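Trainee: Need a 3D model of the following:
(2 chains)
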Amino acid sequence: MTNTIQILSIEKTGKESLLQKEHNNKSIKIIDGYFFSKNLDNQKFNKISKLISNEVSQTILTKKNVNKVLSSYSNFNWVVEIKFLPGVTDNIASTVKEIINDNLKSSFKSFELGSTKIILIKGRKDDITKISNNEANPLIQTIKIYSFKKYLSNFKKNKFKIENVKLPKKKYSKKEIDLDISDQDLSLIGKLGIEENDKSRRGTLGLDLESLKAIRNYFYTIKRKPTDVEIETLAQTWSEHCKHKIFSAKIDDIQEGIFKKYIKGATEKIIQLRKDNFCVSLFTDNAGGIEFNKDWIICHKVETHNTPSALDPFGGAITGIVGVNRDCLGFGKGAKPIANTYAYYLADPNKNYQLYRQKNNKDPMLPANFIAKGIISGVRVGGNCSGIPTPQGNVYFDDRFAGKPLVFCGTVGIIPKKIKGKLSYKKKANPGDIILMAGGRVGKDGIHGATFSSEELDPNSPVSAVQIGDPITQKKMSDVIIRELRDENLYSSITDNGAGGLSSSIGEMAKESGGFIVNLEKVPLKYNGLYPWEIWVSESQERMTLAIPPANVKKVIKKFNSRGVEATIIGKFIKKEKAIVKYNKTEILNLDMEFLHEGYPKLNLKTSFPKITKVKKKIIKKISLIDKLNKLLSSPNIVSKEFIATQYDHEVQATSIIKPLQGEGKVFGNSTAIKPLFDDEKSIALSQAAYPQYAETNPYDMAGCSIDTAYKNLIVSGANSKKIAILDNFCWCSSDEPDRLYQLKEAAKACYDYAVAYQVPFISGKDSMFNDFKGFNKTGKSVKISIPPTLLISSIGVVDKISHLTKITPDNGDILLVLGNTRNELQDSVYSKIIGYEKSKNPVVNTKDSLRIYKNFEKANKLGIINSAIGVDLGGLGIAITKMAIASNKGLCIDLKSKNKISVDQFLFSETQSRILVSLKKNKLANFKKIFKISDYTIIGKCTSSDTIEFKDNKKITKGKILDFAKSYKKNIKGL
Amino acid sequence: MKVLVLSGYGINCENETLHAFEVVGFKGKIVHINDLIQNPKQLNNYQVFAIPGGFSYGDDTGSGNAMAKKIMTNLHDQLIDFSLKNKLIIGICNGCQILINLGLVPNLNKKDPEVAMIENKSGSYECRWVDVKVNNNKSPWLKNISILNLPVAHQEGQFMIPKNLLKTIKANNLIGLQYIDHDKKLAKGKFPFNPNGSKDDIAALTNQNGNILAMMPHPERAFYHYHVPNWQNNNSKKFGDGYKIFVNAKKFFL
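Mentor: Numbers count the residues shown, from 1 in each chain, chains lettered A, B, ... in the order given. Down below sits the predicted model:
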C-alpha cells in the first residue's frame, strides 16, 4: 500500500543538465511525484504507474528499490518538494486523473491527486535553498526542504500528503451591507473589502469613496440595503480595468475625455477622410477587426498582464496569452486565433534589486531574472500548447521596470465575413436566449483580479489574484467553437470570461438583450464551499459565455461534451433591463442595467506640466568605431532575441512566411508576416513599437515615434499602406498625479495627430494606469518605483502579393541608400546610454517628409526596384547596417562622407525616425531616381563580396569583421 | 485515395496536414479521436492514417503518452489491423511521439514500446529549421529522397533507444531520417544541426514494413516554397522539401 507514485528519468534530462550548470555542477536529480488522497493497493499502483510513465526511459520508485535506485546516481543529502498550493490549477494532475478515469473506470474513483516536483541534490542546505528560490514561487506553491534521510523515511512511511482546499462548510445566507456609515468606514470597504462576520476583510474592491457614495445613493432611492454580491459586482464592473475611467474622464478642458477625442476621434476622422473604410469592428468588441479580403476579416487585440506577472511570472504570462486568445474567440461570432504577439518590458535580469513589499525585508519582490524567465516561459507554454504561432515580439530592458514588469500579449484572429448569410462580426444575445458557460470550472482563482489591477502593488495585494492557465482545456473548447458550432450558427452571441469573470461577461452581453437572470448554484465548481459572490466574480480561466436560442441548446451541449468539454446552462437573457442573480432561489442581486454600467461617478481630472529632470552628461567613451558598434550590438536592447524566437513555435499552422529570424545570419526582425489562407496569396504583416526611454523628455514625440516606427515597419515589410491599422496599449504610472496625466494627455494627442497624418486608424486598445511599486529597499527605506510611461503601438497590415514582401539581405553589387535625413537626435538613444551623452535632441517625427518617403517606397517596392530593406531604429543607421551585413553575410562598404554636416557618431547612431536602409541592384538606380526626390535619399555605399564592413572617411578606412559583429549581436543576455 | 487525419485533446496541426495531402491528390477528413472511438469501422474507408503534430494532453506524463494510452485502450486492435494491410501511417512530431509510445514503431518485439522520446538535451523547446538525410531506408514515405530541409518544433524530440535495440534497428534499416550539418555530413549530436541530442542523429524511425513513419520534423510546414526561410533568394520552385513526403504517399497507391 502506498499513496504516492514517483518517477525519474534513467538518463540525465535536459532540465537536470540546465539546473546542474546553474548550480556549480552539483549532482541533481528531479523526480515527478504524484500524491494521492487514497492509498493504492499493489495492483492499482502497478497499473497506474504503467499508465503514467515510460518503461524505456523512466524508473518507478518503490519502497523496495528507492534506496538502491537513488544511491546509484549520487549520495544525495538534501531534498526540496514543490507542489501547488490548494486551489491552484494543477494541469498535470488533471491529465493523470483523466488517464486513470479512462482506464480504471469505476474501479478507482473519488480520489484527489496532486503533482509534485521533487529535486534531490548532493550539496549543502544553502544549495537546495538556492535551487528552490529559482524553481518555485511561494505564492502559488508549497516548498518543503528536508534531508534525504527524511525523504526516504517519508517514502517508506507513506508520509507524502496532498492538501485540499479547505473551505468553511458554512451555509450561505444572504448578506446585506450597511453603507450608512462614516466616510472613513466606507473607504475601508473600498480599500480592504467587505467585512466578514469574523471581522476579516475579503480583499480590495478598488472602489473610491465617490463610487461608494454613488452606490449608497442608488440604494437609498430603491429603498433597501445592497447585498454583498451587488457591491462585488459593481466593483468589478466599475473597475478601471473594465470601464477605463481615466480615458473616459473629463480632463482639463477636454469634456469627452482623451479616448473619445484622440483615439476614437482619430479613427472617425480617418474614416471620414478616406472613404475606403476597411475597418469592420472598432473598439466595442473584444478585438478590433479589419477586412482581409472579400470573404475574410482579421482581428487583433493586445492585452497587458503586468501585476499578475509581477506576483507569478509564469502564471501571469500564460494567462495573459491564453486570455488574449479568448478575446479573438470572443470577436464577433468567434475568430480563429492565427498568431500571437508579445512585448516584455523588464528590469535587468543580471541585477539584484532587493525590493520588499513590507518593512524589515519581508515579502520580497521576485528576483528580476526569475520574473524574466517566468514570463518568457509562460507565453511559450501558452502559445505552443494552443497551436497558435508566436512570430512577432520584442523585449526591452530598463531599471525602472524593477517594480513592475510590463507583459503585452496580443493575438490575431481570422473569421469569414459572413456565416450562413449573416455578418459574422455582428452578434446579439436575444431575450430568451440561454446563458451557457463552456470550458473550465470555477474555483477561487483570480478572485478580485479586475479590481486589483486598478490599485498599486502593495502589501495588501491579494495573492488569490493569481491564476495559471490550462491551454489544453482552452484548445479543446476553442476547437469546438470554431470548427463545429460557429459555422452552423448555433448561438447568437459569445464573449470570453476574463477580468471580473461571469459578472463581467454576462453583464456586458446582456446589454445586447436588455438584462439577465443567472442561477449561480448551477455553475460547475472545482471544489465545494465557494460563496456565491466568489462564483460570480471568480476569474478561473478557459471559459466562454454563449447566448443560445433554446432550440439549439441540447445540440450545443452535446457537441461540447463529445469533445471532452463541459458546458452548463446557468441562466437566461431577458428583455427587461435588469441584472438579476439568484442562488438556490434566493435573489442576491437585482440592479438596473443602466446603473450597473453607467452609475459610476465620472472623474474630473486636471493635469500640470511636469518638471523635466535634465539628463546628466556622461563622458563619451573614446573607443574605436568598431568597438562602439560591437558594444551597441551586444547591449541588451539591441542584442538578438533569437533564444526567444526559437522557443516560441512560429511555424505551426504552416503560415509563417516572413520569420522572426531573418537571413542566413538570423537577424531578429522588427516585423514578421503570416499567410493565413491556403488559397489566397495575401499575407498579414505584424510589427510593434514603444519608446519608454523617450517618454520623460517628451511624451508627445515619444508617441509620435511609436506610431511612426510601427507604421514604417509594415511599409518596409511590403504591406499595402491603405490596409494598415494600429492598436494602442498605454501602460502608465501614478495616473492620479497631474504631471503623469499631463504626459498621458500629450501622448494621446500625438496619437491623434500622427494617426490622422498617416491615415492609419486605431481599431482597438487597452490601458493599464497604475504601474507603480510602493515598498522598501533592503535598508528599510520606503521607495516608489514607477515605470516610464510606455505606449506600445501594435500594427497589423495586409500585404497584397507575395512578391511585395521584402527581405533584409542585400546582394553582392547592390547600391546602399538611406531614405530620410539623419539629424542629431541622440538624446535618450542607446548610444547615449552605452557610449556616452552629448548635447543633442530627442527624435521628432516630421510626417510631411516621412509620408512622402513611405509612399514612394511602397511604389518602388511594387515595381520591383527595391532589392532589400530594413527599418532604422534602436542604435541608428550603424546598427541597421551591421544587421544587414550579419543577415546576408555579405560585406558592406560605407562612405562616411555621405554623412553631410553631422559627426560620424551622429550619422551612425542617431535615432532619427522615419528612415529606411535599402539596397538596389545597380541597374535599378535610374528608375529609383525617377521616383524619389533627391533630398529624400543618400547613397551611402555598396554591398561587396568581402567578409567585412568597411567605413571610409576620406582616406582612413575602418574595418570590422562580420563574424565579430555577429558574435556581439548573438551574445547571451546576462542573467537569462 | 483517402487520408484520415486525427484531431482532439490538443493535437493542432491537422489543418495544414490535411491540406498537404489534399494538394497532392488525396481526399481526406479530420476526425476527432472521440468520433473514431465511437465508430472505429470508419478506418476501413481510408488508406492513410495521419497523426499530426500538437500538444496532446499538454505533454503531461511525457509527450504522446496520454494520447497513446487513450488509443491503446480504445482503438488498439483496429490500428494494428490497419497497419498490417497495404496501408500507410504517418506520425509527425507529437504524432511521432504517439506512434513511439504505442510501440507501432519500430515494432520489433510486437508488444510494448521499445523506444522512448525524451526531453531535448538543451532542456528547452526548439523551433528551428534543420537538414535531414534519408539513410538507406526502403519506406515508401521516403522513396527517392536524399536530403530534406524541414522545421522542427518540440520539447521532447530525443529518441532514446537501448543499445542492443539500436543495433537491430540499424541492421534492419529502420532509421528513417538523420540530422546533418552544413556539409551534409551527420551532425554527430552537434547542436543546432541536431536540435535535440538524439542518438545517431535520428530524426525519424520506421517499422520493418516501412509503411509506418514516425518523424519529428514537420513536412507540412515546408510544403510551399514560401515556407522555406529566405525563399526570396531562391524563388523558382513552387514547393518546399516537405512536399516530397506527401507525393510519395500518393505514388504508393498509384
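Trainee: For residue 186, which non-adjacent residue is closest in space?
Mentor: All of this refers to chain A. A:Leu212 (4.6 Å; CB to CB, 6 or more residues apart in numbering or on different chains). Just so you know, the C-beta spots here come from the backbone N, C-alpha and C atoms, and that holds for glycine as well.
Trainee: that's the wrong chain, I meant chain B
Mentor: B:Asp201 (5.2 Å).
Trainee: Which pLDDT value goes with the one you found?
Mentor: B:Asp201 is assigned 98 on the pLDDT scale.
Trainee: What pLDDT is listed against whichever residue of the stretch 1-150 of chain B sits closest to chain A?
Mentor: Closest contact between the stretch 1-150 of chain B and chain A, by CB to the nearest CB, is at B:Asn12 (2.5 Å). Looking at B:Asn12, its pLDDT is 97.
Trainee: A:Val652 is in contact with that one, correct?
Mentor: Yes. Counting by CB atoms under 8 Å, B:Asn12 touches A:Val652, with 6.3 Å between them.
Trainee: Please identify every residue contacting each of these two.
Mentor: A:387, B:53 (CB atoms under 8 Å, 6 or more residues apart in numbering or on different chains).
Trainee: what's the offset of whatever helix or strand A:Ser850 lives in from the middle of its chain?
Mentor: If you go by DSSP states H and E, A:Ser850 is part of helix A:847-862. Relative to the centre of its chain, helix A:847-862 is centred 32 Å away, using CA atoms, centre = their mean, to the nearest Å.
Trainee: With stretch B:92-102 instead?
Mentor: 7 Å.
Trainee: so what's the residue of the stretch 1-150 of chain B closest to chain A closest to, chain neighbours aside?
Mentor: A:Gly387 (2.5 Å).
Trainee: show me what contacts A:Gly265?
Mentor: A:Gly265 neighbours (CB under 8 Å, 6+ apart): A:Tyr752.
Trainee: Looking at it now. What's its pLDDT?
Mentor: Reading off the model, A:Gly265 has pLDDT 97.
Trainee: The residue in the stretch 251-400 of chain A that chain B sits nearest to - how many residues pack around it?
Mentor: Residue nearest to chain B within the stretch 251-400 of chain A: A:Gly387 (2.5 Å; CB to the nearest CB). Applying other CB atoms under 10 Å in any protein chain shown, we find 25 other residues in the vicinity of A:Gly387.
Trainee: roughly how far apart are it and A:Ile415?
Mentor: 17 Å (CB to CB, to the nearest Å).
Trainee: what's in contact with the helix or strand where A:Lys558 lies?
Mentor: Assessed by DSSP H and E, A:Lys558 sits inside helix A:553-562. The set of residues external to helix A:553-562 that reach it, using CB under 8 Å, 6+ apart, is A:434, A:436, A:438, A:477, A:480, A:484-485, A:490-491, A:546, A:548, A:566-567, A:569, B:32, B:34-35.
Trainee: how distant is that helix from the center of its chain?
Mentor: When distances are taken as CA atoms, centre = their mean, helix A:553-562 is centred 32 Å away from the chain's centroid.
Trainee: Using neighbour counts, pick out the buried residues of stretch B:205-215.
Mentor: Within stretch B:205-215, the residues that qualify as buried are B:205-208, B:210-215, counting by 16 or more other CB atoms under 10 Å in any protein chain shown.
Trainee: Check stretch A:797-808 too.
Mentor: In stretch A:797-808, counting by 16+ other CB under 10 Å, buried: A:797-800, A:802, A:804-808.
Trainee: nearest to chain B, of those?
Mentor: A:Lys807 (4.5 Å).
Trainee: Which strand or helix spans that closest one?
Mentor: Here A:Lys807 is assigned to no helix or strand, by DSSP H and E.
Trainee: Likewise for A:Thr912?
Mentor: Under the criterion DSSP H and E, no helix or strand holds A:Thr912.
Trainee: coming back round to it: what about chain B: which of the buried residues of stretch A:797-808 touch it?
Mentor: When CB under 8 Å from any CB of the partner chain is applied, the members of the buried residues of stretch A:797-808 adjacent to chain B are A:802, A:805, A:807.
Trainee: Quick one: the strands in the stretch 1-150 of chain B, in order.
Mentor: With DSSP state E, counting those that start in this stretch as the criterion, the stretch 1-150 of chain B has strands at B:2-7, B:27-32, B:48-51, B:88-92, B:116-118, B:126-134, B:147-154.
Trainee: For the second one, give me every contacting residue.
Mentor: The contact list for strand B:27-32 (CB under 8 Å, 6+ apart) reads A:562-563, B:1-8, B:14-15, B:18, B:21-22, B:42, B:48.
Trainee: Can you tell me which residues in the stretch 351-500 of chain A are near chain B?
Mentor: Neighbours of chain B within the stretch 351-500 of chain A, by CB under 8 Å from any CB: A:380, A:384-387, A:470-472, A:475-476, A:479.
Trainee: Relative to A:Val667, which of these is nearest.
Mentor: A:Arg380 (21.3 Å; CB to CB).
Trainee: Can you verify that closest one is assigned to a helix?
Mentor: Yes. With DSSP: H, G, I helix; E, B strand; the rest coil as the criterion, A:Arg380 is part of a helix.
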